[in-house]
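In: Quick one, structure for this:
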Amino acid sequence: MSDHLRKPAVLPEPRGHGEERQAIDFSALRALIGDDEVAARAILRSFSTHSSGLGNQLRAALAAGQPALAVDAAHKLKSAARAIGAFALADLCADIERAGEKGETTVLAATVTLLIREEASVAAVLALREQDNSPLL
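Out: Numbers count the residues shown, from 1 in each chain. Presented below is the predicted three-dimensional model:
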């Protein structure tokens, strides 16, 4: 395998509302890197490290009256979440961006609460996969 991402990568579409879904669709990561388990684990560890507690940071930014910081953090997380297949998390990031751009602070705060829950679901899946060492891809 080469040491670069294949571009343009075709990522699977997120599942619609009402369908059973998992916190992470690993086929998205496979679309980016192929079947390299070592690379997949490294990417997921990096995602876990950098995204851990981001929801609480977003909430703190809102409490400090700095919604622009929350929007910026959500924007950064959105792409990484999509790349690993955490589509619901990425969609919530996009919702935070939209609410922030429109100045909808109530919607923004409610969406951050949902993001924190989804972030916990993604973290739980990643922790389980790391612990049981089962194949990811």
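
In: Remind me which helix or strand Ile24 belongs to.
Out: Under DSSP states H and E, no helix or strand contains Ile24.

In: please begin residue numbering at 21 from this point
Out: Done: numbering now begins at 21, and the last item shifts to Ile44.

In: contacting residues around it?
Out: By CB atoms under 8 Å, 6 or more residues apart in numbering, the contact set of Ile44 is Ile104, Gly105, Ala106, Val142, Val145, Leu146. To be clear about C-beta, it is placed using only N, CA and C from the backbone, and glycine gets the same treatment.

In: so how far is Leu157 from it?
Out: Applying CB to CB, to the nearest Å, the value for Ile44 to Leu157 is 12 Å.

In: surely Leu97 meets Ser71?
Out: Yes. Under the criterion of CB atoms under 8 Å, Leu97 makes contact with Ser71 at 5.9 Å.

In: what about the longest helix in this protein?
Out: helix 125-152 (DSSP state H).

In: and that helix, what does it pack onto?
Out: When contacts are defined as 3 or more CB pairs under 8 Å, 6 or more residues apart in numbering; DSSP states H and E, helix 125-152 sits against helix 57-71, helix 74-83, helix 87-104, helix 107-122.
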